[in-house]
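J.: Make a model of this:
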Amino acid sequence: MVTVVIARAPGTEDLELPAYATEGAAGMDLRAAVEGEMCLDPGEWQAIPTGIMVAIPPGYEAQVRPRSGLALRHGIGMVNAPGTIDSDYAGVVQVLLINHGREPFSIRRGDRIAQLVVAPVARVAWSEQETLPETARGAGGFGHTGRR
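T.: Here you go, the predicted structure:
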């Protein structure tokens, strides 16, 4: 269990904090901190505030991911899926939602709009070489294995 410090933006005390919906859930639901209701027209995207700020510990990141139910039922996704919150970011978490659907989509205060997953990250040191080690696959990419 990793402890993450969280704070509410002023005026968002009425919103639920992110929480796991089930025992096995990987992500916590993020909620819209919009005033009243807003609409995303087809093809439109907006930064939707969540009303929270998080202090991600060094060595971790928070990933903002789309909600599969919104994608399936309404065509709602994220412009930058997944979004990354670095451990040194201290501002309000926002979700870059886009409407890929055919109908306008309403977002109301408190709606679940995305998921937040906190995960460890590896930092690397490059070791530049003239060639890479041999592998069975080699440089084959994009459909190289022939599997569907």
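J.: Which parts of this protein are strands?
T.: 5-8, 28-31, 37-40, 45-55, 60-65, 76-78, 83-85, 92-99, 105-108, 112-120 (DSSP state E).
J.: May I have the beta-bridge partners of the residue positioned nearest the centre of the chain?
T.: When C-alpha atoms, centre = their mean is applied to the chain, the residue found nearest the centroid is Val64 (1.2 Å). In this entry, Val64 is beta-bridged to Gly83, Leu116, by DSSP bridges.
J.: quick one: low-confidence ranges for this structure?
T.: Low-confidence regions of the chain, defined here as pLDDT under 70, cover residues 144-148.
J.: Centroid-wise, who is the farthest residue in the chain?
T.: Glu130 (36.9 Å).
J.: Tell me who's in contact with that residue.
T.: Glu130 makes no contacts at all, as judged by C-beta atoms under 8 Å, 6 or more residues apart in numbering. All C-beta spots, glycine's among them, are computed from the backbone N, C-alpha and C.
J.: Angles on the backbone of it, please.
T.: phi -70, psi -40 (degrees, to the nearest 10).
J.: got the buried residues for stretch 82-101?
T.: For stretch 82-101, burial by neighbour count (16 or more other C-beta atoms under 10 Å) applies to 82-83, 85, 92-99, 101.
J.: Skipping adjacent residues, who's closest to Trp45 in space?
T.: Leaving out its chain neighbours, the residue that sits closest to Trp45 by C-beta to C-beta, 6 or more residues apart in numbering is Ile98, at 3.9 Å.
J.: show me the contacts for the one you found.
T.: 40, 43-45, 76-79.
J.: Please, a ChimeraX command that selects the buried ones among these?
T.: Those of the contacts of Ile98 that count as buried under 16+ other C-beta under 10 Å are selected in ChimeraX with:
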select :40,45,76,77,78
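J.: so which pair among the contacts of Ile98 is furthest apart in space?
T.: Gly43 and Met78 (14.5 Å; C-beta to C-beta).
J.: Now Ala90: closest residue in space, sequence neighbours ignored.
T.: Excluding the flanking residues, the one nearest Ala90 by C-beta to C-beta, 6+ apart is Met53, at 6.2 Å.
J.: If the residue nearest to Trp45 is in a bridge, with which residues?
T.: Trp45, Gly77.
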